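Asker: what's the 3D shape of this:
(chains A and B)
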Protein chains: 2
Amino acid sequence: MRKYNLGIDIGGTSIKIGLFSLDNFLLDIWKIPTNKASYGDKILFEIKELIAEKIAINEIRAIGIGVPGPVAKNMVFSCVNLGWGEKDVVKELKEILEDDEIIIKVANDANVAAAGEIYQGVAKGYINAFMVTLGTGIGGGVIIDGKVVDGINGVAGEIGHTHIDDLFNLNCNCGKIGCLETVASATGIVRLAKVYLNNSPLPSPLRRYPDFSAKKVIDYAKDEDPLAMEIFDKAMEYLARVLAKVTYIINPDIFIIGGGVSNAGNFVIERIEQYYYPLVVPFIKKTNFAIATLGNNAGIYGACYLVK
Amino acid sequence: MRKYNLGIDIGGTSIKIGLFSLDNFLLDIWKIPTNKASYGDKILFEIKELIAEKIAINEIRAIGIGVPGPVAKNMVFSCVNLGWGEKDVVKELKEILEDDEIIIKVANDANVAAAGEIYQGVAKGYINAFMVTLGTGIGGGVIIDGKVVDGINGVAGEIGHTHIDDLFNLNCNCGKIGCLETVASATGIVRLAKVYLNNSPLPSPLRRYPDFSAKKVIDYAKDEDPLAMEIFDKAMEYLARVLAKVTYIINPDIFIIGGGVSNAGNFVIERIEQYYYPLVVPFIKKTNFAIATLGNNAGIYGACYLVK
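Answerer: Predicted structure coming up:
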């Protein structure tokens, strides 16, 4: 009777649901826009409707959920992008589904993405991993001994908000200044580029555009434009410094690089490695860095992993 | 027949053996100086002799061992202070004891100390902890979900060798410059003090001594000598910066502060907190910081915890 697991990725823009067999084979994917009205109060109801259109609720064995905010022990502290404050998603969803027997687990989306990559992605087979997602912001996910590490305040993996140095001091969404995210996320690379363009006499094709993306900076860096190289190198130097600290704290089997910036492939890994190795003890001759492979589906695979 | 567990702490100066009942009650402690002759080849033999003087080898159920060097999956990579290179301690000790059935596990001493503190010390009952030992060097131990985290290269927890900033650039034993250990260990605090004394016009009672200990710096800081306060604050600021990064990577339930410097008690925690809180997200209103309570016995308790 209970023959499905669901992996649900609740994002600020859309909600994606993966339908899995009990042996965790992906059968179907559905997607709806996130309804943020009334402080996100409709989200769980719309998830129920979407599920009920396809399968019977009592056919569900378990539901794993990734959400964009801090989570500890299945309790959501807040999801600014959804309008949620502290929320007991497990309890609420069980009530909405009117089924107390469904196993429900919730974790932070970056941690869930890391779980997805060790489950079905590039880090398959590894049990200790650190994933960094270089997108609009910087997310980080930690897997130790095959389990997602939340942290007591739900901030495990949140390296985007580690303070770097006082060189750029850009304002971060979190209210602080000088967070890694302000210089090394996709948005941060653009911000860093604008600082460089304002302060450097060097010519650069980037000067042709009033506005440009991180991809543009990386493409010109690949083409060996000196200023674009300097900008992207600086961003990856900061990231490498933080990843070296990750090594000295959990020394993971593998670092997984995801998010939009990771589309630049091995070029990203090479830039990170250049700054990373001088910062770690010489006997660490080889650290596994790998580009994430599941893209936007990491969330549903990882959410399924939570309850497999 | 097999009625004991042993917790062994192998240090550069002495080897301490704790004899535990099977329900892990500490029955006895023995200690011998570490014989480092012949690249430490005699150490495991002398451990056998010491054990055999007290109990029969076939009365031992399990042995946990802490060693001063990187260890991963029970394989020692190196212990410079013992003269050891890569060493399969589990295999060698089983051969020396002529008993293949004894369970033997090995981990890094700082990780083992952290295990000791969650097992029988100040962090009893916690399952996620980060311990920092401020002694001659800086050691760090990581416990996640009740298990010691080694790391693939055995460097998990080794925050003493994270690079801080370029302000002091003191040489570290590890061959690099600017490691946290060079300014925030007991030895580091003295080094930092000497830099301050050389570069500051401020008077200080520290100037009375050609040589002094970290304790002296801390005692004068407690007495509100401005220069001593500035020195100790700077050391704790650097430590706090790294602990804030630990929060953003594993967000432990508790930070345990051990080693000689921790004898200064809550004064140390207050100095750390002053610099730590501004570096973490505002909703982390309270982080548990606690002074270690097991002192030099953390090693034997933690070693026993490995095999309990």
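
Asker: Distance from stretch A:117-124 to the middle of the chain?
Answerer: From the chain centre to the centre of stretch A:117-124 is a distance of 14 Å (Cα atoms, centre = their mean, to the nearest Å).

Asker: same question for it, mean pLDDT?
Answerer: The predicted model assigns stretch A:117-124 a mean pLDDT of 97.

Asker: tell me the SS of the residue in chain A sticking out farthest from the centre?
Answerer: Farthest-out residue of chain A from its mean C-alpha position, per Cα atoms, centre = their mean: A:Pro201, at 35.7 Å. What DSSP: H, G, I helix; E, B strand; the rest coil gives for A:Pro201 is coil.

Asker: Phi and psi next, for it.
Answerer: In terms of degrees, to the nearest 10, the main-chain angles of A:Pro201 are phi -80, psi -10.

Asker: what's near enough to touch the closest residue to chain B within the stretch 1-150 of chain A?
Answerer: The minimum distance from the stretch 1-150 of chain A to chain B, using Cβ to the nearest Cβ, falls at A:Ile144 (4.7 Å). For glycine as for every other residue, the C-beta is placed from the backbone atoms N, C-alpha and C. Applying Cβ atoms under 8 Å, 6 or more residues apart in numbering or on different chains, one finds that A:Ile144 lies in contact with A:Ile127, A:Asn128, A:Ile250, B:Ile144, B:Asp145, B:Val149.

Asker: Remind me which helix or strand the nearest residue to the fifth one once chain neighbours are set aside belongs to.
Answerer: In other words, B:Asp145. Once flanking residues are discounted, B:Asp145 sits nearest to B:Ile127: 5.6 Å by Cβ to Cβ, 6 or more residues apart in numbering or on different chains. Under the criterion of DSSP states H and E, B:Ile127 resides outside all helices and strands.

Asker: Quick check: A:Gly137 touching A:Leu180?
Answerer: No. Between A:Gly137 and A:Leu180 there is no contact under Cβ atoms under 8 Å: 9.9 Å.

Asker: of these two, who's got more company?
Answerer: Under the neighbour definition other Cβ atoms under 10 Å in any protein chain shown, A:Gly137 and A:Leu180 were set side by side, and A:Leu180 has more, 27 against 23.

Asker: I'd like to know how far the more buried one sits from B:Ile8.
Answerer: Per Cβ to Cβ, to the nearest Å, A:Leu180 is found 41 Å from B:Ile8.

Asker: What is the burial count for A:Asn263?
Answerer: Other residues within reach of A:Asn263, judged by other Cβ under 10 Å, total 17.

Asker: same thing with A:Thr136?
Answerer: A:Thr136, neighbours per other Cβ under 10 Å, totals 16.

Asker: Can you show me the helices along chain A?
Answerer: When secondary structure is read from DSSP state H, chain A shows helices at A:37-40, A:43-54, A:89-97, A:109-120, A:181-184, A:186-199, A:214-222, A:226-249, A:266-276, A:298-307.

Asker: Any chance of TSV for the ones you listed, columns mean neighbour count and distance to A:Phe25?
Answerer: Output for the helices of chain A, formatted as TSV (neighbours: other Cβ atoms under 10 Å in any protein chain shown; distance: least, Cβ to Cβ, whole Å):
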stretch	mean neighbour count	distance to A:Phe25
helix A:37-40	12	31
helix A:43-54	16	16
helix A:89-97	17	23
helix A:109-120	29	10
helix A:181-184	28	36
helix A:186-199	19	33
helix A:214-222	21	34
helix A:226-249	23	33
helix A:266-276	18	31
helix A:298-307	28	10
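
Asker: Report the central residue of chain A.
Answerer: Central residue of chain A (Cα atoms, centre = their mean): A:Ala110, 3.4 Å from the mean position.

Asker: tell me the contacts of that one?
Answerer: By Cβ under 8 Å, 6+ apart, the contact set of A:Ala110 is A:Met131, A:Thr133, A:Gly139, A:Gly140, A:Gly141, A:Gly157, A:Glu158.
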